[in-house]
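Chemist: Fold the following.
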Amino acid sequence: MLKTRVITAVALLLFLLALLALDSYPMVVLACALFFAAASWEALRLFGMARAPFGAAVWSALFIYLAFNRAPPDPRVLFGLCSAIWLLRLTPALAIGLPPLQSVASRLLTGIYGIAILGCFFAMLTLYRHSGMYLFSVLALVWIADIGAFFAGKAFGKRKLAPSISPGKSWEGAIGGWLAVLLCAGLSIALSPAAPLLRDTFAVHLQARAGWLICFAVLSLIAAASVVGDLFESQLKRRAGVKDSSQLLPGHGGVLDRIDALIPVLPLAVLLDILI
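Modeler: Below you'll find the predicted structure:
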């Protein structure tokens, strides 16, 4: 299982690096559309939608149309809406719970989460328009938070973060992931004068514009948002009675299982990048 998981992870990373190296916006759009279709299909299944493939096709067609449209959605409006969705509806769901499947409230939540996923992939395109490295640097922050949380949780985890949603997660793990983000970002900023590759990264640009305090505050918010995204998808899977969102990615489950933490983070990162 571990071998399969590592092979899949390496294959996905190589695919991403090759895609960014191509420096082709149409290819990035098509790749995003493919993963967006898979994530939408998985999300609709978790919400108990009978016509999940049709719904995913509709969402994907909308994504492709808007991505190639000369007048894409206003980033302040779209990413502000996504951030508000997480702040006002999806994050509180971790405390108050989800409505029953097939209820009107659950169907409404389906659309709300769909908008959040759509915003995540548009945020990818927005970050990519800045540069491939800029996009990669934000993705890396989420991966670092996840890896840091895993190892810190294994070594020190005692206090459960959300036992009714994801018993394996601990407060120690979440704090470890947060500290890993701050440490790695701090190192990248400190090393950037001597390492040109690091200069066009999210953390370096943020620190240059706003200083260390605001930079670490934003990075802390990003680390927290990644945990919320992970927990919300775990809550959806627990309600649906499944372990993974699908089996599309051997050893990892589904696409949604891999991007759950990105869904709140990427729109928030772009919004803060615009506002600060």
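Chemist: Would you map the strands across this protein?
Modeler: 160-162, 166-170 (DSSP state E).
Chemist: any chance of the ones you listed in JSON lines, plus distance to M124, mean neighbour count and mean pLDDT?
Modeler: Using the backbone N, CA and C atoms, a C-beta is placed for each residue, glycine as well. Formatted as JSON lines, the strands of the chain follow (distance: least, Cβ to Cβ, whole Å; neighbours: other Cβ atoms under 10 Å; pLDDT from 0 to 100):
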{"stretch": "strand 160-162", "distance to M124": "27", "mean neighbour count": "19", "mean pLDDT": "94"}
{"stretch": "strand 166-170", "distance to M124": "25", "mean neighbour count": "18", "mean pLDDT": "92"}
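Chemist: Which among those strands is found nearest to L34?
Modeler: strand 166-170 (27.7 Å; Cβ to Cβ).
Chemist: Show residues contacting the closest one.
Modeler: 149, 153, 156-162, 227, 230-231, 234, 238 (Cβ atoms under 8 Å, 6 or more residues apart in numbering).
Chemist: Helices - which of the residues you listed land there?
Modeler: A149, G153, F156, V227, D230, L231, S234, R238 (DSSP state H).
Chemist: Run a quick neighbour tally on G186.
Modeler: Residues near G186, counting by other Cβ atoms under 10 Å, number 16.
Chemist: what's it in contact with, if anything?
Modeler: Per Cβ under 8 Å, 6+ apart, neighbours of G186: F216.
Chemist: Look up how far I144 lies from it.
Modeler: 12 Å (Cβ to Cβ, to the nearest Å).
Chemist: before we move on, what about G229?
Modeler: With Cβ to Cβ as the criterion, G229 and I144 are 15 Å apart.
Chemist: quick one, phi/psi of P100?
Modeler: phi -60, psi 150 (degrees, to the nearest 10).
Chemist: My guess is it contacts L109. True?
Modeler: No - applying Cβ atoms under 8 Å as the test, P100 and L109 come out as separate, 10.9 Å apart.
Chemist: Which of these two has more residues huddled nearby?
Modeler: L109 (18 against 11).
Chemist: ok, the more buried one touching G97?
Modeler: No - using Cβ under 8 Å as the test, L109 is too far from G97 to be in contact (11.4 Å).
Chemist: ok so, going back, what would the strands of the chain look like in CSV with distance to R129?
Modeler: Converted to CSV, the strands of the chain look like this (distance: least, Cβ to Cβ, whole Å):
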stretch, distance to R129
strand 160-162, 35
strand 166-170, 34
